[in-house]
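>>> Structure here, sequence nowhere to be found:
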């Protein structure tokens, strides 16, 4: 059976890598017969090359554990796999997808009733990545029955993209008595700390080890493995 290699961005925060391992443990529990590997595009170990070697160069589907398109998905991960000599196909990233919306709602809990809810993301210089965050905010807004603006805490998108702190401040100027930020991040680390510093009354924890994300990872694997492309 083709291996599933989950490739996360990577973080120096041990809590971040621990959450990725917990998430991949949910994937293994959901499909015990499937070999599931772990790798990071940068900073953390194992690297993509190390994971390919540990898995014995078996055919694999690499699933980017990333929430949208951008450099790592489009360029970096495929290049690292090729350089490692992997027999691999790269799936789509996890988002945007309704499974992520469900996880966001779970993480928000009662804070979903705040005067304003804002989606907080790392950010991207790739227009496709910005479009994916916009789509995720639209899905969350549809679930909540009201508009959900979004903002970035990392590299600004083209234009540039809206800064999360500015979006939170704008919500207050618009009359919101309380503002909640839904963290559109996979794991704790540098970007989560920046989301928490954006000035909201409540910030959700990252999506993390959630059963909905485990289902979505397997869906992305199956789309490639069964040749079903373009199905959300």
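Nice, thanks for sending it over. What you are looking at is a predicted structure, and each value in this text was computed from that prediction instead of being measured. Numbers count the residues shown, from 1 in each chain.
>>> so where do the strands sit in the protein?
For the chain, the strands defined by DSSP state E occupy 3-8, 36-40, 60-65, 88-90, 116-121, 150-152, 179-183, 202-203.
>>> Which positions in stretch 44-61 come out as buried?
Buried residues in stretch 44-61, defined by neighbour count with 16 or more other CB atoms under 10 Å: 44, 47, 48, 51, 52, 55, 60, 61. C-beta coordinates here come from the backbone N, C-alpha and C atoms, glycine included.
>>> Which one of these is nearest to residue 195?
Each of the buried residues of stretch 44-61 was checked against residue 195 using CB to CB; the closest is residue 44, at 19.7 Å.
>>> Could you report the neighbour count for the closest residue to that closest one other than its chain neighbours?
Of all residues not flanking residue 44 in the chain, residue 10 sits nearest, at 4.1 Å (CB to CB, 6 or more residues apart in numbering). Other residues near residue 10 come to 19 when the count uses other CB atoms under 10 Å.
>>> Which residues are in contact with residue 51?
Neighbouring residues of residue 51 by CB atoms under 8 Å, 6 or more residues apart in numbering: 5, 37, 38, 39.
>>> gap between it and residue 45?
Applying CB to CB, to the nearest Å, one obtains 9 Å for the distance of residue 51 from residue 45.
>>> Same question for residue 177.
Separation of residue 177 from residue 45 (CB to CB): 45 Å.
>>> go on, residue 210?
Taking CB to CB, one finds residue 210 at 24 Å from residue 45.
>>> Find the least confident helix or strand in the chain, judged by mean pLDDT.
Taking mean pLDDT, DSSP states H and E as the measure, helix 71 is the helix or strand of the chain with the lowest mean score, a mean of 89.
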